[in-house]
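A.B. asks: Sequence and predicted structure are below.
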There are 4 protein chains.
Amino acid sequence: MRAGRPRDEGVRRAILVAAQELVLERGYAAVTMGDVAKRAGAGKQTLYRWWPGKGALVLDAFSEWVSQAPRLRGPRRPSLSSTLVELCRGASEAAPVLRALMAEAQFDEDLHRRLLAQLVRPRGDELRACLVDRRPADRELVVNVLSGLVWQRLMLNEPLDARFVRFALRVVERI
Amino acid sequence: MRAGRPRDEGVRRAILVAAQELVLERGYAAVTMGDVAKRAGAGKQTLYRWWPGKGALVLDAFSEWVSQAPRLRGPRRPSLSSTLVELCRGASEAAPVLRALMAEAQFDEDLHRRLLAQLVRPRGDELRACLVDRRPADRELVVNVLSGLVWQRLMLNEPLDARFVRFALRVVERI
Amino acid sequence: MRAGRPRDEGVRRAILVAAQELVLERGYAAVTMGDVAKRAGAGKQTLYRWWPGKGALVLDAFSEWVSQAPRLRGPRRPSLSSTLVELCRGASEAAPVLRALMAEAQFDEDLHRRLLAQLVRPRGDELRACLVDRRPADRELVVNVLSGLVWQRLMLNEPLDARFVRFALRVVERI
Amino acid sequence: MRAGRPRDEGVRRAILVAAQELVLERGYAAVTMGDVAKRAGAGKQTLYRWWPGKGALVLDAFSEWVSQAPRLRGPRRPSLSSTLVELCRGASEAAPVLRALMAEAQFDEDLHRRLLAQLVRPRGDELRACLVDRRPADRELVVNVLSGLVWQRLMLNEPLDARFVRFALRVVERI
DNA sequence: CCTTAATCGAGACGGTACGTCTCGTCTTGTG
DNA sequence: CACAAGACGAGACGTACCGTCTCGATTAAGG
């Protein structure tokens, strides 16, 4: 086994919780690594030891939060509409964070990759899974359109509400 | 007439040119207000007198650049496909700047408004103008889908090439 | 006579009054040339046309103020003690301005000369005039000592009160 | 022991040396905190962490310089005249800095206190120590007069040479 | 037990951009 | 020409974060 003091799991949790709280309280831009460290009772070095920067840290903090969300679907394949509703509900709640992360990712290649792998692709896969009875080419097309609509709404700061879901479903119907 | 020394138009131009050059040379993130001032032979205060920050300045710099682009369509209404081709060509060239501006706008309410008014809406209107023979409800739908696809491609750093245009047109056809 | 519009005496007065008021209200350091111009309803250029900087302007403003002070001595030569009392009273009232001017003069050769000519030397001469019955060598000595004591008190921000006058007179007695 | 990285003594020295050099090269007014930082190879924040501003920093820089001056008096109490000679020699060399510091102190309450404690009072005490055989009241009187004469000479930018020392001693003799 | 190696909190450090401030000059139109 | 208004170049200011570093203290695992 590796020598030396092992990573303190409690510290990791404390940091993620602190990051989450602070971002929810003040918004992403108004939170610094130093703030998170102080709130978590940790040293800045401990943050930088495990995350390359604020983006990756906050991404992890909210990845956990998202994955705690109820994924309690039955064994049956979920419908596209229910999946989209759920996706929009989540995106709507976390909208400010998602906007900030996607924005930061434009300036940070590494964060861009992480964001794709941890948030963008998994959600695309969820949608794709609802479309197994479509032709493969159509499937990609629909996923692209839906995902484009959702991200656009986020970046333009427009609501991802029931009305939007109806609109999106109407679009998909016609493809 | 207004009292005091009038705004020096030459300085305004010099600043916009400097901003444009520097952003093209180094990329948005690597350019500072001080750099632009120095390159333009201007004082920092002069920049801040007329623009609230880097985002708004660069937006103006590239707004001018975009509006200098050939808009030499004949009297005939342009086709959707040619408009989309042109739009993607422009967006592709300016992609790094557009990404950066949209990103910055997520942290800056004022820049967000400016970006919508100066870039997002005008381009949407261009598309809309190609769709006058569609039913109004469909029109909005198509504009939304296209614009969503384009912005998503930009933010995900994927190419806005001919393949994408074909893909987008195929989507629209089926709506 | 010089061609062109003659200097507007009212403007000159307004500027001096504004300078005086502002310095009394906020203190020398917190007043800028722009402030004075605004308060006087004048342009900054008008200030710089007639004074080289804030120091010289404030010096003029308070020179006038000082010279408005009652100089109502009878035909008889004033006593050293009454002169010193009067001098300390004036210096005490204007202490903050005098400190600031002397300070500024340390960074500004021109102001230094003006300060000497308009404030330091005249006051020395007043003292000298009370000492005509001393031997010339002693006279300079006494004037130097008194002036040194007063300026030191000013710069060290200690009171120029009756107690100080008594102290100073005691010193002079013993020389 | 105190937590955190301890203050780097080498950096402190480097900053003081840089401040001293720059002030001697260019004069107090022409040196900025940024200049000192650059010359010292330090960050500006490090300067502001330990000193409130240029005044306090330069005061420290020259306090060290002064206290490195030979204080090698024998066990015997030094004479007033030799002390005064030494004092004037030091003040003469450092005259530009002393003038600037005293000037700055007129605009800065905190610097004023520091200047008194680190420069004015210690020098007064040196003089006082030479006057132990005088009556206490006379002692204060003499110290005041001498210190007044010296500071006045500094602020009026007149030489603190041998002639001045003779003059000052003549004054004291007669008190 | 005692060394070794990595972790932890704390906070100093070099670096750099920020947005503001003041200075003294300039460029208008008006009297 | 003087004058009010105010834009302009210049550059210092003090602050804010960044990401790295240097401490002493802590915590296992391996000798």
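C.D. replies: Structure received. Everything numeric in this text was worked out from a predicted model, so none of it was measured.
A.B. asks: all contacts plus neighbour counts: C-alpha atoms, from now on.
C.D. replies: Will do.
A.B. asks: Show me what residue of chain A gets nearest to chain C.
C.D. replies: A:Ala30 (32.4 Å; C-alpha to the nearest C-alpha).
A.B. asks: And for that residue, nearest residue in space, chain neighbours not counted?
C.D. replies: Of all residues not flanking A:Ala30 in the chain, A:Val23 sits nearest, at 7.8 Å (C-alpha to C-alpha, 6 or more residues apart in numbering or on different chains).
A.B. asks: ditto for A:Ala168
C.D. replies: Among residues not flanking A:Ala168 along the chain, A:Leu146 sits closest, at 6.8 Å (C-alpha to C-alpha, 6+ apart).
A.B. asks: Identify the residues contacting the residue most central in space within chain A.
C.D. replies: Nearest to the geometric centre of chain A sits A:Leu119, at 4.4 Å (C-alpha atoms, centre = their mean). Listed by C-alpha atoms under 8 Å, 6 or more residues apart in numbering or on different chains, the contact partners of A:Leu119 are A:Ser63.
A.B. asks: Give me the mean pLDDT for the longest helix seen in chain A.
C.D. replies: Identified as the longest helix of chain A according to DSSP state H is helix A:136-155. The average pLDDT within helix A:136-155 is 96.
A.B. asks: Tell me which residues are up against whatever helix or strand comes next after that helix.
C.D. replies: As assigned by DSSP states H and E, the chain's next helix or strand after helix A:136-155 is helix A:162-174. For helix A:162-174, the external contacting residues (C-alpha under 8 Å, 6+ apart) are A:Ser81, A:Leu84, A:Val85, A:Cys88, A:Val142, A:Leu146, A:Leu149, B:Leu141, B:Arg174, B:Ile175.
A.B. asks: Show the model's pLDDT score for the first one.
C.D. replies: What the model reports as pLDDT for A:Ser81 is 94.
A.B. asks: Establish whether whichever strand or helix holds it and chain B are in contact.
C.D. replies: A:Ser81 belongs to helix A:80-93 when assigned by DSSP H and E. No - Helix A:80-93 does not reach chain B (C-alpha under 8 Å from any C-alpha of the partner chain); its nearest approach is 15.1 Å.
A.B. asks: Which strands and helices lie in contact with that helix?
C.D. replies: If contacts are counted by 3 or more C-alpha pairs under 8 Å, 6 or more residues apart in numbering or on different chains; DSSP states H and E, helix A:80-93 sits against helix A:121-129, helix A:162-174.
A.B. asks: what do you get if the cut-off is 6 Å, keeping everything else the same?
C.D. replies: If you count contacts as 3 or more C-alpha pairs under 6 Å, 6 or more residues apart in numbering or on different chains; DSSP states H and E, helix A:80-93 packs onto no helix or strand.
A.B. asks: Which strands and helices lie in contact with the next helix or strand after it?
C.D. replies: Downstream of helix A:80-93, the next assigned helix or strand under DSSP H and E is helix A:95-105. Counting contacts by 3+ C-alpha pairs under 6 Å, 6+ apart, helix A:95-105 packs against no other helix or strand.
A.B. asks: tally of neighbours for A:Trp151?
C.D. replies: Look at A:Trp151: counted by other C-alpha atoms under 10 Å in any protein chain shown, it has 23 neighbours.
A.B. asks: Same check on A:Asp8?
C.D. replies: Applying other C-alpha under 10 Å, we find 8 other residues in the vicinity of A:Asp8.
A.B. asks: what residues does the least confident helix or strand in chain A by mean pLDDT touch?
C.D. replies: None of the helices or strands of chain A scores lower by mean pLDDT, DSSP states H and E than helix A:54-67, at a mean of 89. Contact with helix A:54-67 is made by A:Leu16, A:Gln20, A:Trp51, as judged by C-alpha atoms under 6 Å, 6 or more residues apart in numbering or on different chains.
A.B. asks: Show me which residues of chain A are close to DNA strand E?
C.D. replies: By C-alpha under 7 Å from any atom of the strand, the part of chain A that sits against DNA strand E consists of A:2-9, A:11-12, A:38, A:40-46, A:49.
A.B. asks: Using the record's assignment, carve chain A into domains.
C.D. replies: A:9-55, A:69-174 (automatic domain parsing).
A.B. asks: okay if I get these as TSV plus distance to B:Val165?
C.D. replies: Written out in TSV, the entries for those read as follows (distance: least, C-alpha to C-alpha, whole Å):
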stretch	distance to B:Val165
domain A:9-55	32
domain A:69-174	13
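A.B. asks: Just the buried subset of the contacts of helix A:162-174, please.
C.D. replies: Among the contacts of helix A:162-174, those buried by neighbour count (16 or more other C-alpha atoms under 10 Å in any protein chain shown) are A:Leu84, A:Val85, A:Cys88, A:Val142, A:Leu146, A:Leu149, B:Leu141.
A.B. asks: Of those residues, which is the nearest to DNA strand E?
C.D. replies: Nearest to DNA strand E, judged by C-alpha to the nearest atom of the strand, of the buried ones among the contacts of helix A:162-174 is A:Leu149 at 30.9 Å.
A.B. asks: DNA strand F contacts on chain A?
C.D. replies: Residues of chain A found near DNA strand F (C-alpha under 7 Å from any atom of the strand) are A:1-6, A:30-34, A:44-45, A:48, A:53-54.
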